[in-house]
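*Asks:* just a sequence and a predicted model for now, questions to come.
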Amino acid sequence: MSEVPLARLFEIATRRRPIHSNPEVILPVQPDRPIAPEALFRADDPPAPGDGVRRRILELGSGWGEFLVDWLQQHPADDYVAFEIKSDRIRRTIKRVRKLEAPHLRVVPVNFAWFLEEILPPAAFDWIIVNFPDPWPKRRHWKHRLVQPDFPERMAPLLRPGGQIHLATDYGPYARKMIQIFRRAADFEAVFPDSDFLRRRPADVPVTRFEQITGESEGRTPYFTRWRLRSGRPA
């Protein structure tokens, strides 16, 4: 990736595809300019998250959309932004979401390994959700993992004060690395007590298709971790 010029990467990432005609699909206009908040969120944004108040959710890798559909059914007032690169998955997700009652979904069809914080507005989200990212188990492939030592530092500017990052994986070594990285992150504190993780799905998040498949066929028990941006950190 580093050997490809930034302009060329951006050209590839934003190359015209049929799914781009959907109003739910949003593309960045420049590689170093964030998407305008009014393109991602409703105009009547609340002053702060809370009970019965709209939140802004960011999911990295929404897959077939089963998680976000369930989320929007449970929290129809939320603004939901999903990164997903595969067109068939985006089409299916949009089709399912349109059957709900006036949900607010925006899909960014860009590889977030190439562009993420560069094209998102700062201090914009209340939750960042990462469900079962590719664990890249072989040591020589660890460089491809999403959650790297600098991941908390990269994500912190995207969150509103008190915002949270929710991570789930069923690969133990990757889970332990995630926990280690966030325990060392000065900007974040653990939401879950004691061990900083749960081996059961929290009641406030939907089940994913991947979780159902691996749990039933392979008997895997996922790790769930959640980290809150410390109060007082500048947005």
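*Replies:* Structure received. Numbering: from 1, shown residues only.

*Asks:* check which element follows the helix or strand encompassing residue 88 along the chain.
*Replies:* Taking DSSP states H and E as the definition, residue 88 sits inside helix 87-97. Proceeding N to C from helix 87-97, the next assigned helix or strand is strand 104-108, under DSSP H and E.

*Asks:* what's the angle from that following strand to helix 87-97?
*Replies:* Counting by axes from the mean of the first three to the mean of the last three CA atoms, to 10 degrees, strand 104-108 lies at 180 degrees to helix 87-97.

*Asks:* how far out from the middle of the chain is the helix or strand following strand 104-108?
*Replies:* Next along the chain after strand 104-108, taking DSSP H and E as the criterion, comes strand 125-131. Centroid displacement of strand 125-131 relative to its chain, using CA atoms, centre = their mean, to the nearest Å, is 5 Å.

*Asks:* where exactly do the strands run in the protein?
*Replies:* 56-60, 79-83, 104-108, 125-131, 159-169, 188-190, 223-229 (DSSP state E).

*Asks:* a markdown table for these, including mean pLDDT?
*Replies:* Formatted as a markdown table, these follow (pLDDT from 0 to 100):
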| stretch | mean pLDDT |
| --- | --- |
| strand 56-60 | 98 |
| strand 79-83 | 98 |
| strand 104-108 | 97 |
| strand 125-131 | 97 |
| strand 159-169 | 96 |
| strand 188-190 | 96 |
| strand 223-229 | 96 |
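
*Asks:* on that earlier part again, give the rounded mean pLDDT of the helix holding residue 88.
*Replies:* What helix 87-97 shows for mean pLDDT is 97.

*Asks:* now do stretch 9-16
*Replies:* Mean predicted lDDT for stretch 9-16 stands at 91.

*Asks:* neighbours around the residue nearest to residue 135 when sequence neighbours are not counted, how many?
*Replies:* Nearest in space to residue 135, with sequence neighbours left out and distances taken as CB to CB, 6 or more residues apart in numbering, is residue 171 at 3.8 Å. In short, each C-beta sits where N, CA and C put it, glycine included. Residue 171: 19 surrounding residues under other CB atoms under 10 Å.

*Asks:* nothing else from me, thank you.
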